[in-house]
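*Asks:* Dropping a prediction and its sequence here:
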Amino acid sequence: MVEILSHVFYLPLKIDIIKHPNETDGKSTAIHAKILAPGDINIYTYPCIPDYEKDKVVMVFPGPGAISVQDMMQCLHDRTDSRSNYSFDEPCVKRLKREDVQGATHTAENSELGTPDEAKGSEPRVYPLQRVVFIDSTWNQTNKISTDERLQDLLRVELKMRKTCFWRHQKGKPDTYLATIEAIYYFLKDYHEQCLAQEYKGEYDNLLFFYSYLHSVVNKAKTSAGKC
């Protein structure tokens with residue numbers, strides 16, 4: 001059971017949601033995330049897409065070439081190392097150490113405040129991921145956004161072991177195709193456990209506050225109508 005919210009909270013990563021222009025706000029679960037974590041989540045309406053550094057950003061979207069959260073950080077490290085071989089700048093390893101120290105200091109300050117972003121910078125291996133991109137659209141409309149050339153260089157991550165609980169399941173699509181808020185929640189949970197190597201203690205459960213409420217309302221309505 002998702003607890004009653006007392007305040008907004010913070011996430012360990014920045015999140016961008018690219019919303020299809022025909023996606024109805026009233027049906028979209030992306031707005032749930034924006035309301036609950038406004039400081040860490042931005043919503044852009046396609047064709048508006050920010051410029052991304054491909055070595056620091058991933059896109060959560062299923063399909064050929066998509067990898068797991070567990071393999072994500074190593075792939076980003078490989079990209080960074082590959083690029084550094086062609087650079088005349090200071091070696092990437094030295095930059096990592098300096099930035100990790102700064103990140104650790106930032107984490108210590110956050111822990112004193114008791115905020116949920118204690119994980120930021122606490123593990124050197126989480127570098128260089130800074131931002132995660134999600135697409136908010138019906139699955140039949142995702143192709144135009146997912147194939148946009150501005151997103152083609154981003155590493156793609158798939159949540160292959162998660163199944164949707166969304167009440168508007170789309171025919172012909174596997175149950176591993178998640179609603180936007182489900183994808184955000186499961187990604188953060190997996191990131192917390194597999195990348196930050198920390199025990200999950202419900203830090204992001206409240207992201208599902210509105211989703212859980214609507215889920216219960218829909219189920220009650222179906223039961224009353226004799227459809228369950």
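*Replies:* Arrived safely, thanks for sending. Numbers count the residues shown, from 1 in each chain.
*Asks:* Show the contacting residues for Tyr191.
*Replies:* 12-13, 69 (C-beta atoms under 8 Å, 6 or more residues apart in numbering). For the C-beta atoms, the positions are set from N, CA and C on the backbone; glycine is no exception.
*Asks:* Closest one of those to Glu23?
*Replies:* The shortest approach to Glu23 among the contacts of Tyr191 belongs to Leu13, at 22.8 Å (C-beta to C-beta).
*Asks:* Roughly how far does that closest one sit from Asp25?
*Replies:* Applying C-beta to C-beta, to the nearest Å, the value for Leu13 to Asp25 is 24 Å.
*Asks:* For the nearest residue to Ala66 once chain neighbours are set aside, give me its contacts.
*Replies:* Counting by C-beta to C-beta, 6 or more residues apart in numbering, Ala66 lies nearest to Glu158, which is 3.6 Å off, once chain neighbours are set aside. Under the criterion of C-beta under 8 Å, 6+ apart, the neighbours of Glu158 are 60-63, 66-68.
*Asks:* per-residue pLDDT, Glu158?
*Replies:* What the model reports for Glu158 is a pLDDT of 96.
*Asks:* Kindly report the same for Pro21.
*Replies:* You'll see Pro21 listed with a pLDDT of 94.
*Asks:* Can you show me the strands along the chain?
*Replies:* 14-19, 41-45, 57-60, 131-136, 155-157 (DSSP state E).
*Asks:* just to revisit the earlier point, using PyMOL, make a named selection holding only the buried ones among the contacts of Glu158.
*Replies:* Applying 16 or more other C-beta atoms under 10 Å to the contacts of Glu158 leaves a buried subset, and the PyMOL line that selects it is:
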select buried, resi 60+61+62+66
